[in-house]
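Q: sharing a sequence plus its predicted fold:
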2 protein chains.
Amino acid sequence: MKTVEIITIGDEILTGHTVNTNFAFIGERLTAIDYRVIRETTVGDRPEDIVEAIHDATRRADVVIATGGLGPTHDDITRTAVVRAFGRPLVPNAEARKSLEEFFRVRGRTLDRINEEQALLPEGARAVPNPVGTAAGIHIEEKGRHFYALPGVPAEMRAMITDDIIPFLATLDKPTTTHGVLFTTGIPESTLYETVKPVLDRYPQVKVAFLPGYQGVKIRASASLGSMEESATAVESWKNELRAVLGSAVYSETDEAIEIPIGRMLVDKHAKMAIAESCTGGLIAQRITAIPGSSAYFTHGYVTYANQAKIDLLGVKQETLAQFGAVSEQVARQMAEGAGKKSGADYAVAVTGIAGPDGGTAEKPVGLVYIAIAGGGNTIHRRLMLGNDRDLNRRRAAQAALNLLRKRLLGEE
Amino acid sequence: MKTVEIITIGDEILTGHTVNTNFAFIGERLTAIDYRVIRETTVGDRPEDIVEAIHDATRRADVVIATGGLGPTHDDITRTAVVRAFGRPLVPNAEARKSLEEFFRVRGRTLDRINEEQALLPEGARAVPNPVGTAAGIHIEEKGRHFYALPGVPAEMRAMITDDIIPFLATLDKPTTTHGVLFTTGIPESTLYETVKPVLDRYPQVKVAFLPGYQGVKIRASASLGSMEESATAVESWKNELRAVLGSAVYSETDEAIEIPIGRMLVDKHAKMAIAESCTGGLIAQRITAIPGSSAYFTHGYVTYANQAKIDLLGVKQETLAQFGAVSEQVARQMAEGAGKKSGADYAVAVTGIAGPDGGTAEKPVGLVYIAIAGGGNTIHRRLMLGNDRDLNRRRAAQAALNLLRKRLLGEE
């Protein structure tokens, strides 16, 4: 398995004013053709830092890809650094010159002196064609290792990776790695780990990572065995065993949010859903409606933030609010039942809770949330005890409510 | 000016499966307190790579912040690497233990063996409290340099940077740089630039960046002159001139969303608002309720995705829907007026549109949105022609609707 390092060049990345999405793009593409990305380094616009980063990376990896600092607006600091790092002078490059002239010709412009400098490349380098902009990339092969410098503009970089670099690098090595992923929700990371550990122990050849977030825990696996077939068989069999242990805690095997399988099930059942939200304040409705085509199964959403709104819109009883409080299983259940009845939907989700930072009491602290589902049989509810962070409490409550709906749709709750 | 390096740990970043947003967050926060971020390095889960990255970074920078690889699973490798890099054994840490027990106590769970290991820290290290999760951060001071290791979960990392690390690091150095920011909305970037250019030309010593997003355009400035006082004076006077030119296009001068000044104005007026959403599907309500204390002015939200919901909940007339269609100024106005009337709120916001990707026609293409505000006088509406991206259309429609409400509250519309 060949290794690759990525170097990102630019002060605007270091100061956090631009999020580095180039790196994720390159990492994903290279991983897909079975290269192992071993390191990424971001440096600023100082030439000595760039030279040092190039030296370190080319010493460690088979392939090094640098992005940024190429082009007439960046003072071409990367070109200068490449010249120093490889000890090769700049010479006119016929290919780079030709593609530059073509770029300007198509746009009815003539080459100016600033752009003309971009036709100079380090001696012995190949020009990587840039179909989108003026700056050609630089490709240097030295002692069987490959170094690339590309512009940082995402559209230019992406075109060059896709059209030129990936097709070439894919010929250098024979892939043997397979990846797999299971998205789980509703089980805390440490419990999940205890549950699946016996399976993981039986698959020492499958490398596993747990990636927790408010949506749940993503379990990623990869196997790199003798051949592609062996790797794929190992990951498939690992997945089957994990699915058997985890059951419906696994909500997806592709990178999709839980609202997507929910939408599919509602469409299959020709059923509609409604949503009644207090502490999540529209977050669940927003997630459901973010999915194209959700109008086929979602009709009415009620953001009943005030008690009066719960009474007005959902028919929650004044006495129930007075006796148990707005954050109670009784109110959650009445909200779900009211939303189902008023909208005519087959299923209704309700959430009421104390997101914080204020509004908590000793009896009902910040983080206390009740969720309920009406429809598809009896009404069910759950009590959640979340944390102190308002934003996270809202996200986790929304995810738990959607997961309870999913389980009801699966016939498990 | 003190220097900082950031180390990101995790195979999922290297393989491009997760975009590294932690780094941009840390870079921005550190830059704001006048640290210079000189390098960021991402390494995978191999301990020797982490140890090497820690050694290199602590040799170069005054402060090193590592994120990722801390957490209660088998890939909790950062702790081990820190032990090796600093040659300090793991010992029980009373602070880490206490906060871990508290975390579990609040959630009614007991500490299990896996989580118990997280109370072990390298000898002489301080535990950085984690208000959101179980894994405490690690803070080691050695020869006047500071090393931090934090969990990679964004909410946990952010809380620790904001609550613990920034307040401490801000005391270590005497800053001479001042930053200023103006958040604008409703004016396209190129028009905005033409408008403010004469002011920018008068302040060559103030460095300016335009950062466009769906919320509008953020104008960032910084001055790094002889002293803090000089820098602050220059930025303040620059801001005054820009405010005079831009008027109410500036909605904030701190990193706060437009819903925060809206909330302040509603509180001042003792007024309440309601929200009626079709294509934004709960996004506006979700934004309003994300603000702590919003229950003081927000009571009822209506997500009327189906036509029948617009009729049921808002009293939109069947004839109007039939004659003009759901995406029309007439329906937007009836939605706003209905929401105000049904809820008893003083102001009501309404949005109806075609977010895409489907549902467009030649006459009413994807991206067509109507927004309306009722209350505070006559009902007003706007027609927006946005783009082809569903997500972006929803975000931009929500922002435009909130901005129209803001201007009505200011008495400008």
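A: Thanks, I have it.

Q: residue A:54 belongs to a helix?
A: Yes: according to DSSP: H, G, I helix; E, B strand; the rest coil, residue A:54 belongs to a helix.

Q: wait, it touches residue A:87, no?
A: No: assessed by CB atoms under 8 Å, residue A:54 is found out of contact with residue A:87, at 11.5 Å. From N, CA and C alone the C-beta is placed, and that goes for glycine too.

Q: okay, those two: which has more neighbours?
A: Taking other CB atoms under 10 Å in any protein chain shown, residue A:54 and residue A:87 do not tie; residue A:54 has more neighbours (25 against 8).

Q: residues contacting the nearest residue in space to the more buried one that is not next to it in sequence?
A: In space, and not counting its chain neighbours, residue A:54 is closest to residue A:85: 4.1 Å by CB to CB, 6 or more residues apart in numbering or on different chains. Shown in contact with residue A:85 (CB atoms under 8 Å, 6 or more residues apart in numbering or on different chains): A:50, A:51, A:54, A:55, A:58.

Q: could you do residue A:400 as well?
A: A:186, A:369, A:371, A:382, A:384.

Q: distance of the second one from residue A:360?
A: Spelled out, it's residue A:369. Per CB to CB, to the nearest Å, residue A:369 is found 12 Å from residue A:360.

Q: higher neighbour count, these two?
A: Of the pair residue A:369 and residue A:360, residue A:369 is the one with more neighbours under other CB under 10 Å, namely 26 against 16.

Q: confidence score at the more buried one?
A: Per-residue pLDDT puts residue A:369 at 98.

Q: and it, which of the three is it?
A: Per three-state DSSP, residue A:369 ends up strand.

Q: need the contact list for the closest residue to it other than its chain neighbours.
A: Leaving aside its chain neighbours, residue A:369 sits nearest to residue A:353 (3.0 Å; criterion: CB to CB, 6+ apart). Applying CB under 8 Å, 6+ apart, we find residue A:353 in contact with A:278, A:279, A:280, A:327, A:367, A:368, A:369, A:370, A:384, A:386, A:393, A:397.

Q: enumerate every residue touching the fourth one.
A: Read it as residue A:327. Going by CB under 8 Å, 6+ apart, the list of residues near residue A:327 reads A:278, A:279, A:352, A:353, A:354, A:364, A:368, A:369, A:370.

Q: how close does it get to chain B?
A: Taking CB to the nearest CB, to the nearest Å as the measure, residue A:327 falls 12 Å from chain B.

Q: repeat for the first one
A: Here the distance between residue A:278 and chain B works out to 9 Å (CB to the nearest CB).

Q: next one: residue A:380
A: Distance of residue A:380 to chain B, given as CB to the nearest CB: 21 Å.

Q: what's across from that residue in the sheet?
A: Note on residue A:380: beta-bridge partners residue A:373, judged by DSSP bridges.

Q: quick check, pLDDT for it.
A: In this model, residue A:380 carries a pLDDT of 98.

Q: same deal with residue A:172?
A: 90.

Q: pretty sure it belongs to a strand, no?
A: No: secondary structure assignment (three-state DSSP) places residue A:172 in coil, not in a strand.

Q: find the nearest non-adjacent residue to it, please.
A: In space, residue A:172 is closest to residue A:2, 6.4 Å off (CB to CB, 6+ apart).

Q: so how far is chain B from the one you found?
A: From residue A:2 over to chain B the distance is 14 Å, taken as CB to the nearest CB.

Q: quick one: that residue from residue A:220, how far?
A: Distance from residue A:2 to residue A:220, counting by CB to CB: 21 Å.

Q: and those two? which has more neighbours close in?
A: The residue with more neighbours, out of residue A:2 and residue A:220, is residue A:220; 19 against 16, by other CB under 10 Å.
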